[in-house]
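Asks: Next come a sequence and a model predicted from it.
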Amino acid sequence: MEIKKFRNHYGLELINVSHENIQPGDLVWDRLTSTPVFSHRNMPNTIYNAFLDASLINENEFKTIKTECRNIQLIDAAIADKKVDVNTELIAEMKHPLIGNIDGSFKLETIRKFCFGDIKVKIMPDLLRVKIDQFLEQMKKNRWEEYDGRIRRVNMITELYYGSVKLVVERGLAEDFESALNKTGIEILARAEGSTSVEYEFEHDTAPFAMRIERIKTFNG
């Protein structure tokens, strides 16, 4: 499936920033812009920061929730097609960390094919959704000004999608490409050489490429 169709079919947003530390519960600002914004001046970066600032949780509870989010297990995504193709003109625009590390040492426009495979997902657990919903109700009731002014209009990440990266380069460019890889320290998971091209696969489950976001205003645990 082509990546734009993947996004539209499953109601997801592409992550066009080179960011490996995104977790469920992070806030996304200015959704209508072409690039999602993961920080906003004088605003919390995560929903948990908002709860901490509102004194609904303490520092220890904040750390516990953050750890719980980091430890959410990757599972196979419930999607029909486990491979998502990325048009070559979008590769640099996506700013995926793997591409960002290679860019500058190799001409990205020479890549013939790029796709994410073996799609996996991190989903915010139901118990955490309920907990967040309860805190939001407390903020609405007792701290409306903070709720309305800081987070009501923002979006929160509830699912993150990851995939191994596969790309194809012309056989004549393989040597230059592998030289560029050596400079970055990126390890090749698999390599398949054909008569005219070489396919490379890289494991990259630390950086998501797509996300599901939900409006705080209509969030329901």
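Replies: On my side now, so go ahead. Numbering: from 1, shown residues only.
Asks: rest of the way, CA atoms for contacts and neighbours
Replies: Noted.
Asks: List the buried residues for the helix of greatest length in the chain?
Replies: For the chain, the helix reaching the highest residue count under DSSP state H is reported as helix 126-142. Of all the residues in helix 126-142, those buried under the rule 16 or more other CA atoms under 10 Å are 132-133, 135-136, 138-139.
Asks: what about residue 122, distance to residue 69?
Replies: According to CA to CA, to the nearest Å, residue 122 stands 9 Å off from residue 69.
Asks: ok, now residue 17?
Replies: Using CA to CA, residue 17 is found at 20 Å from residue 69.
Asks: Ok, residue 140 next?
Replies: Residue 140 is 24 Å from residue 69, where distance means CA to CA.
Asks: end to end, how far does stretch 199-216 reach?
Replies: 42 Å.
Asks: What average pLDDT does that stretch get?
Replies: For stretch 199-216, the mean pLDDT works out to 88.
Asks: Show me the contact partners of stretch 186-195.
Replies: 98, 171, 181, 198-203 (CA atoms under 8 Å, 6 or more residues apart in numbering).
Asks: Mind picking the two most distant members of these?
Replies: Of all pairs drawn from the contacts of stretch 186-195, the greatest distance, 21.6 Å, lies between 171 and 203 (CA to CA).
Asks: residue ranges with poor pLDDT in this protein?
Replies: Within the chain, the stretches with pLDDT under 70 are 18-20, 30-35, 92, 95, 103-105.
Asks: the helices in it, which residues?
Replies: Listed in chain order, the helices of the chain (DSSP H) span 3-10, 47-53, 59-70, 91-94, 97-102, 126-142, 144-146, 174-184.
Asks: starting at the chain centroid, how far to the shortest one?
Replies: A distance of 29 Å separates the centroid of the chain from that of helix 144-146, by CA atoms, centre = their mean, to the nearest Å.
Asks: Check which helices and strands that helix sits against.
Replies: Packing partners of helix 144-146 (3 or more CA pairs under 8 Å, 6 or more residues apart in numbering; DSSP states H and E): none among the helices and strands.
Asks: repeat for the fourth one
Replies: For helix 91-94, the helices and strands in contact under the criterion 3+ CA pairs under 8 Å, 6+ apart are helix 97-102.
Asks: Please name every helix or strand in contact with the helix it packs on.
Replies: Short answer (3+ CA pairs under 8 Å, 6+ apart): helix 97-102 packs on helix 91-94, helix 174-184.
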